[in-house]
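J.: Sequence first, then the predicted structure:
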Amino acid sequence: MRSLPSPSGHFSEKTELTRAEVREFLRLETQRGSFVPKCDTWLSGFSPEFSQKLGARGWIGMTWPKRYGGHERSALERYAVIEELLAAGAPVAGHWIADRQTGPLLLRYGTEEQREHFLPRIAKGQCYFAIGLSEPNAGSDLAAIHTRATKVDGGWIVNGSKTWTSGAHHAHYMITLCRTSPFNPEKRHEGMSQLLVNLSAPGVTIRPILLTTGEHHFNEVFFEDVFVPENRLVGQEGNGWRQGMTELAYERSGPERFLSTFPLLEELANRIRQSKDKQQMVQVSKLVSRLWTLRHMSIGIAHMLEKGETPDVAAALVKEMGTKFEQQVAEIARLLIPSSPSLDSSNRLDQLLAQAILHAPGFTLRGGTTEILRGIVAKGVVGK
Amino acid sequence: MAKILIQSTTKIMRDVCTKELVNDAENGVWAKELWEVLAESGMLTVAVPEEMGGTGGSWADAYQILRLAGKFSAPIPLAETFMGNWLLADLGVDATNEPLAILVNHLEPFQFRKGQEGWIVCGAATSVPWGRNAAKLLVLGESESGSVLGVMSPEAVRITSGRNLAGEPRDTVEVQDAIIPESFVFKVDPGKVHERLLFTGALCRTVMMAGALERILELSVSYSKERTQFGQPIHRFQAVQHHLATLAGEAAAADTAAQSAVDAIEKETAKASISMAKIRLNEAAGIMAPVAHQVHGAIGFTHEHILHQSTRRVLSWREEWGTETEWGEKLAEQLFDLGDNELWSFLTW
Ligand SMILES: Cc1cc2nc3c(=O)[nH]c(=O)nc-3n(C[C@H](O)[C@H](O)[C@H](O)COP(=O)(O)OP(=O)(O)OC[C@H]3O[C@@H](n4cnc5c(N)ncnc54)[C@H](O)[C@@H]3O)c2cc1C
């Protein structure tokens, strides 16, 4: 907590130019009808064509070294690009995890061969990853995972299963947390490793778990004697827990934790602007003030990440507050404008509201539940 | 400059602005020593250029000092004196180390008419912060030749004591035929002055609240570590941890909002930023005060404990210079002025 920096919303001129470029690109793409803006598109907006367009523009892997297909731009420039994409409700789910998590993970812990093999393809928007953490009996308590990898000649044999795996049916690989040493109740966080599992390898079965809306987003993934070559171990054997925790700082603090329902907020403001109802706009003002504050907090964290710090407590805090805000937008919108929310309505507000309401329960679960995050924050402020 | 300022202000506040001093002030004792120490160290005239009798430094420096005054519940009209000095600097008047009050909240609009010895002033204002302690009153009023600002001594005024929730003086000041010499009356653009006061006043309260909320968090965290029940410190209980997380989150948001508004003061976005920050700080105060009291149990509900010095202040300061609703209306006007789908560009200015 103490480490939450005094943020500065200042982006360099160069970054603002990039922002303007992205905005113009998005304007043209919407005009062309290449996507319909939606809520929560980093979860549900899968479009390989769009991901590849972004890759071609240099907007994936932005901060990575050029020799791996990256663009050596600053973390803040990347921040500006992704917040533009989210605010516009663009379909970014395909490459999201690979860009956000896998790339930085491999840069930090991966081998040279892994970087050369994966990063350029990710940066082109052609190679997608899934996160393999949760298991049926290991949700909040991740140290309880059972999926295990046994050392064999030239690699590992993986057995077990993962659940709630976002986008596994689209992804090429999964960063899989598994046990490489037997479970020791005294040292629960030891003996875990991260493997890059090819999801088209023999022995991998992916089964859909449908969302409440019937949408296919999640999956159950089963591993039956899946062979993973030696060179697909990330970092050190047994160091998986620590590596995974580093990954979470990237996962938790970004603008996707408070912008999932922004397209709805924008439409809400449009509608009230038409009806000219002052008291309704006052309610929107309060949401806008919250959002403005959250964004500045998150930018503060982006500055810290840029400096190579690991702001895990601050990231947990922004995630906890941000996801509650996303839910609040839906609740306030429905109270302000009478509507009949429906996913297939032709009325834009009804449709965005339906997306927001139906996706809302997931906001405060994915990436760590509110309760777990609050525990992290509380322990962070109490200190040792 | 900022870092040294923060260090020395923190030291002064720690040493001089004690719990007893704050309690005494509530009982009507003027915090003379605190005022004098701040005056001697040049803290009262920050952001006024040296050639005008000021200490120099930036507005951001001044807001840092105010944040600390808010954090330590300093019972003095620091914000009002800063604002007064800045107004005077605009009019070419040298800065002063005396406590100032600004009469803007008109009960009866102030009227200035020409007399033999200068201007004769009548009028009244309510809720004047530290009206009774001010050595100079800045009076904004109307004359035959337009709007004017007069600087007067408090001799010829009648003061009825009032107070806010934190027991800070918020007095009614009545002026009946007071005389102000010609040279202390200045022509002003009333719209500009009012607007300037409104935004500056809101930003002053915003940073003071950010300081006080930081204090509330600190007090709650340390209490939760000291207090044991059922054989362990209460911070071990998950329900209490959730309270601490709420406090930490709101305090961090409050700080970010206040700091972001200060960062914007010289930019085009200042008005929007101050509106959003005051709304956010008011909300944070409303969320944090009850939670902090919950964590402290009955002890925090006593005058004995220091918590109330901060909670009563933030609850009062929420109302001063604009509630969430009042600022929400101002921000709403700006949102009405946008075109369709321009909310995002408004936020990313
Ligand atoms: C949209 C979405 C996408 C997801 N994508 C992925 C993915 O791609 N990959 C992946 O691995 N996982 C994914 N998840 C899973 C997600 O990380 C888990 O749902 C989450 O960590 C919670 O685990 P659980 O669902 O098993 O709930 P549980 O851990 O069983 O928790 C149930 C309730 O108990 C509370 N609780 C549990 N332990 C504690 C405690 N110690 N203190 C206080 N309260 C506690 C929880 O907060 C919650 O309210 C996704 C989830 C969602 C909703």
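T.: In hand now; what should we look at?
J.: any idea where the helices of the chain begin and end?
T.: In the absence of a named chain, this looks at chain A. Secondary structure of chain A, counting by DSSP state H: helices at A:13-32, A:41-44, A:48-57, A:75-87, A:93-97, A:103-109, A:112-123, A:240-252, A:262-275, A:278-306, A:312-336, A:348-363, A:370-382.
J.: think we crossed wires, I meant chain B
T.: Going by DSSP H, chain B shows helices at B:2-16, B:19-26, B:32-40, B:59-71, B:78-90, B:190-226, B:238-263, B:270-296, B:307-317, B:324-336, B:343-347.
J.: want to throw those helices into CSV with distance to chain A, mean neighbour count and mean pLDDT?
T.: (Glycine included, C-beta is placed from N, CA and C.) Listed next are the helices of chain B as CSV, based on distance: least, C-beta to the nearest C-beta, whole Å; neighbours: other C-beta atoms under 10 Å in any protein chain shown; pLDDT from 0 to 100:
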stretch, distance to chain A, mean neighbour count, mean pLDDT
helix B:2-16, 11, 15, 93
helix B:19-26, 23, 17, 95
helix B:32-40, 24, 17, 97
helix B:59-71, 11, 24, 97
helix B:78-90, 21, 23, 97
helix B:190-226, 5, 21, 97
helix B:238-263, 3, 25, 96
helix B:270-296, 4, 24, 96
helix B:307-317, 16, 24, 96
helix B:324-336, 4, 20, 96
helix B:343-347, 5, 19, 95
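J.: Of all the ones you listed, which one comes closest to A:G139?
T.: Distances from A:G139 to each of these were compared using C-beta to C-beta; the minimum, 16.8 Å, belongs to helix B:238-263.
J.: tell me the angle of that closest one relative to helix A:278-306?
T.: Per axes from the mean of the first three to the mean of the last three C-alpha atoms, to 10 degrees, the angle that helix B:238-263 makes with helix A:278-306 is 90 degrees.
J.: can I get the helices of chain B in a markdown table with distance to A:L195?
T.: Formatted as a markdown table, the entries for the helices of chain B read as follows, by distance: least, C-beta to C-beta, whole Å:
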| stretch | distance to A:L195 |
| --- | --- |
| helix B:2-16 | 48 |
| helix B:19-26 | 58 |
| helix B:32-40 | 62 |
| helix B:59-71 | 49 |
| helix B:78-90 | 59 |
| helix B:190-226 | 40 |
| helix B:238-263 | 34 |
| helix B:270-296 | 43 |
| helix B:307-317 | 51 |
| helix B:324-336 | 50 |
| helix B:343-347 | 40 |
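J.: The ligand: which of these is closest?
T.: Across the helices of chain B, the ligand has its closest neighbour in helix B:238-263 (5.9 Å, C-beta to the nearest ligand atom).
J.: what about that closest one, distance to the chain center?
T.: Taking C-alpha atoms, centre = their mean, to the nearest Å, the mean C-alpha location of helix B:238-263 is offset from the chain mean by 20 Å.
J.: can you check stretch A:353-373 too?
T.: On C-alpha atoms, centre = their mean, the centre of stretch A:353-373 falls 13 Å from the chain's centre.
J.: Over to stretch A:101-118?
T.: Between the mean C-alpha position of stretch A:101-118 and that of its chain there is a distance of 18 Å (C-alpha atoms, centre = their mean).
J.: Does at least one residue of that stretch sit close to the ligand?
T.: No: no part of stretch A:101-118 sits near the ligand under the criterion C-beta under 6 Å from any ligand atom; the closest distance found is 10.0 Å.
J.: Among the helices of chain A, show the one with the smallest mean pLDDT.
T.: Taking each of the helices of chain A in turn, the lowest mean pLDDT turns up on helix A:240-252, with a mean of 84.
J.: close enough to count as contact, B:K71 and B:R215?
T.: Yes: taking contact to mean C-beta atoms under 8 Å, the distance of 4.9 Å between B:K71 and B:R215 places them in contact.
J.: hey, what's in contact with both of these two?
T.: Counting by C-beta atoms under 8 Å, 6 or more residues apart in numbering or on different chains, B:K71 and B:R215 have no shared contacts at all.
J.: need the residues of the stretch 51-200 of chain B near chain A, please.
T.: For the stretch 51-200 of chain B, the contact set with chain A under C-beta under 8 Å from any C-beta of the partner chain is empty.
J.: Can you show me the strands along the stretch 51-200 of chain B?
T.: Counting by DSSP state E, counting those that start in this stretch, the stretch 51-200 of chain B forms strands over residues B:100-103, B:106-114, B:119-129, B:136-143, B:146-152, B:157-160, B:170-180, B:185-187, given from the N-terminal end onward.
J.: Mean pLDDT lowest where, among the ones you listed?
T.: strand B:106-114 (a mean of 90).
J.: Look up the closest residue to B:I65, ignoring the ones flanking it.
T.: Spatial nearest neighbour of B:I65, excluding adjacent residues (C-beta to C-beta, 6 or more residues apart in numbering or on different chains): B:T9 at 5.2 Å.
J.: next one: A:R108
T.: The spatial neighbour of A:R108 that comes closest, neighbours along the chain excluded (C-beta to C-beta, 6+ apart), is A:T246 at 6.8 Å.
J.: State the number of residues packed around B:S153.
T.: 13 (other C-beta atoms under 10 Å in any protein chain shown).
J.: pretty sure it is touching B:A134, no?
T.: No: the pair B:S153 and B:A134 fails to qualify as a contact (C-beta under 8 Å) at a distance of 9.4 Å.
J.: ok, back up a step: can I get the helices of chain B in JSON lines including distance to the ligand?
T.: Supplementary listing: the helices of chain B in JSON lines, determined by distance: least, C-beta to the nearest ligand atom, whole Å:
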{"stretch": "helix B:2-16", "distance to the ligand": "37"}
{"stretch": "helix B:19-26", "distance to the ligand": "37"}
{"stretch": "helix B:32-40", "distance to the ligand": "45"}
{"stretch": "helix B:59-71", "distance to the ligand": "32"}
{"stretch": "helix B:78-90", "distance to the ligand": "42"}
{"stretch": "helix B:190-226", "distance to the ligand": "17"}
{"stretch": "helix B:238-263", "distance to the ligand": "6"}
{"stretch": "helix B:270-296", "distance to the ligand": "18"}
{"stretch": "helix B:307-317", "distance to the ligand": "27"}
{"stretch": "helix B:324-336", "distance to the ligand": "30"}
{"stretch": "helix B:343-347", "distance to the ligand": "24"}
